[in-house]
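J.: give me coordinates for this.
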Amino acid sequence: AARRSPLLDAAGLDAAAELAAELAEIELNGASYAASRYVVTDHSGQPAGVLHVLVPRAHALAEATELQRRVLIAAGAVLVLGLAMAVLLSGGISRSLMALICKMKRLSEGDLEVEIDAPRGRGELAQMAAGLLVFQDGLQQADTLQRDRQEAQARQAAMVQALAEGLQRLAAGDVSVRID
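T.: Alright, predicted model coming up:
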């Protein structure tokens, strides 16, 4: 019986170049192998040969199992890290939000001296803090205007009272009354 050459002729090489690299399971001398073939090209991109790779099936399965285990461990680590980051970030946001809410409540109860931290950054919480500062400033200005108005009304009431008393004394015949 004529033995076939392991080398491919031109037609066999062209046929191999048309096939994509594929993984197959083959038996050779009673042993099971995972096999794949890859077309090797020359510097011009033309097929120059075919590389056959044979790996004992048990070894290939062990490698695949190990790779799968590593991927699962990495995915688990990423998941745990992501959850930890979410908890840390949400906790910081929640604390900042609760602090702003407490300051808003104190302002609404009339405590105009509540200390509001200057906003840091450009996020939503910083915008809320900036708005709260504007609100506090407006309330302080309104409070100042109200006090000024009350003081002016008190001065005016005192002047009207003094004028009324002076006019009553004049009407009673006291010409020594002086109205300032």
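
J.: chain center to the strand or helix carrying Gln68: distance?
T.: Assigned by DSSP states H and E, Gln68 belongs to helix 57-108. With C-alpha atoms, centre = their mean, to the nearest Å as the basis, helix 57-108 stands 12 Å off its chain's centre.

J.: what's whichever helix or strand comes after that helix packed up against?
T.: Proceeding C-terminally, helix 57-108 gives way to helix 124-171 as the next helix or strand, assigned by DSSP H and E. Taking 3 or more C-beta pairs under 8 Å, 6 or more residues apart in numbering; DSSP states H and E as contact, the helices and strands that helix 124-171 lies on are helix 57-108. Yep, even glycine has a C-beta here, placed from its N, CA and C like the rest.

J.: quick one: contacts for the residue positioned nearest the centre of the chain?
T.: Central residue check for the chain by C-alpha atoms, centre = their mean: the C-alpha nearest the mean position is that of Leu89, 7.7 Å away. Listed by C-beta atoms under 8 Å, 6 or more residues apart in numbering, the contact set of Leu89 is empty.

J.: just the angle between the helix holding Gln68 and helix 124-171, please?
T.: Relative orientation of helix 57-108 with respect to helix 124-171: 0 degrees, computed using axes from the mean of the first three to the mean of the last three C-alpha atoms, to 10 degrees.

J.: can you offset everything so residue one is 54?
T.: Yep, numbering from 54; the last one is helix 110-161 now.

J.: so, low pLDDT: which residues of the protein?
T.: Regions of the chain meeting the criterion pLDDT under 70 cover residues 54-75, 172, 233.

J.: which residues does Met212 contact?
T.: Not one residue lies near Met212 by C-beta under 8 Å, 6+ apart.

J.: measure it to Leu198 for me?
T.: For Met212, the distance to Leu198 under the criterion C-beta to C-beta, to the nearest Å works out to 21 Å.

J.: can you check Ala77 too?
T.: In this structure, Ala77 and Leu198 are 89 Å apart, going by C-beta to C-beta.

J.: and if you look at His112?
T.: Using C-beta to C-beta, we find His112 at a distance of 86 Å from Leu198.

J.: cool, Gly174 as well?
T.: Taken as C-beta to C-beta, the spacing of Gly174 relative to Leu198 amounts to 33 Å.
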